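build the 3D model from these lines:
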Amino acid sequence: MLDVERVTMAAARAGLGLVAGRVAKHGDLVGQFQRAVLSQALNTTEGLGRTGKDRAHFFAIARGSSKEASVALALLEALGAVPPGAAAVVERELDRGRAMLWRMAH
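Below you'll find the model as predicted:
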């Protein structure tokens with residue numbers, strides 16, 4: 001497993017753990033976050049199995065999903081659905097993964 005896979009998987013695990021059981025009040029936004037954080041990990045891994053422009057395309061999708069996850073998580077924090085500051089740990093992993101994906105695609 002490559003470092004970029006480890007980082008995107010760590011972000012997904014941490015993020016999913018953070019929102020686990022918080023579906024009742026902000027279910028739509030929690031679901032959106034879950035889909036986005038899963039997409040960034042899955043598209044990263046799929047991109048690693050591709051070549052050329054196809055590879056870069058999957059990395060771009062993964063980066064976009066990661067940005068979406070970041071915004072959803074920030075909104076959940078603003079709504080009080082996740083404890084203040086708890087999102088920072090997940091955000092660091094998401095940001096680290098985005099940097100790695102950008103470098104790999106360019």
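
which stretch of helix or strand covers the spatially most central residue of the chain?
Nearest to the mean C-alpha position of the chain, by C-alpha atoms, centre = their mean, lies Val37 at 3.3 Å. When elements are assigned from DSSP states H and E, Val37 belongs to helix 23-48.

pretty sure the residue nearest to the centre of the chain contacts Ala69?
Yes - Val37 is in contact with Ala69 according to C-beta atoms under 8 Å; the separation is 4.3 Å. For the C-beta atoms, the positions are set from N, CA and C on the backbone; glycine is no exception.

poorly predicted segments of this protein, please.
23 (pLDDT under 70).

list the buried residues of the helix holding Val37.
By 16 or more other C-beta atoms under 10 Å, the buried positions in helix 23-48 come out as 26, 29-30, 32-34, 36-45, 47.

correct me, but His26 touches Gly80?
No - counting by C-beta under 8 Å, His26 stays clear of Gly80, with 9.1 Å between them.

shared neighbours of these two, anything?
Both His26 and Gly80 lack any common contact, where contact means C-beta atoms under 8 Å, 6 or more residues apart in numbering.

now do the buried residues in stretch 12-22.
Residues of stretch 12-22 classed as buried by neighbour count (16+ other C-beta under 10 Å): Ala12, Ala14, Gly15, Leu18, Val19.

list the contacts of it.
By C-beta under 8 Å, 6+ apart, the list of residues contacting stretch 12-22 reads 30, 33-34, 37-38, 40-41, 69, 73, 76, 81-82, 86-87, 89-90, 93-94.

which elements pack onto the helix holding Val37?
For helix 23-48, the elements it packs on are helix 3-19, helix 52-78, helix 86-105, judged by 3 or more C-beta pairs under 8 Å, 6 or more residues apart in numbering; DSSP states H and E.

again, 7 Å this time
Packed against helix 23-48 by the contact rule (3 or more C-beta pairs under 7 Å, 6 or more residues apart in numbering; DSSP states H and E) you find helix 3-19, helix 52-78.

quick one: distance of the shortest one to the chain centre.
In terms of C-alpha atoms, centre = their mean, to the nearest Å, the centre of helix 3-19 is found 7 Å from the chain centre.

what's the nearest residue to Lys25 if we skip its chain neighbours?
Once flanking residues are discounted, Lys25 sits nearest to Ala81: 6.3 Å by C-beta to C-beta, 6 or more residues apart in numbering.
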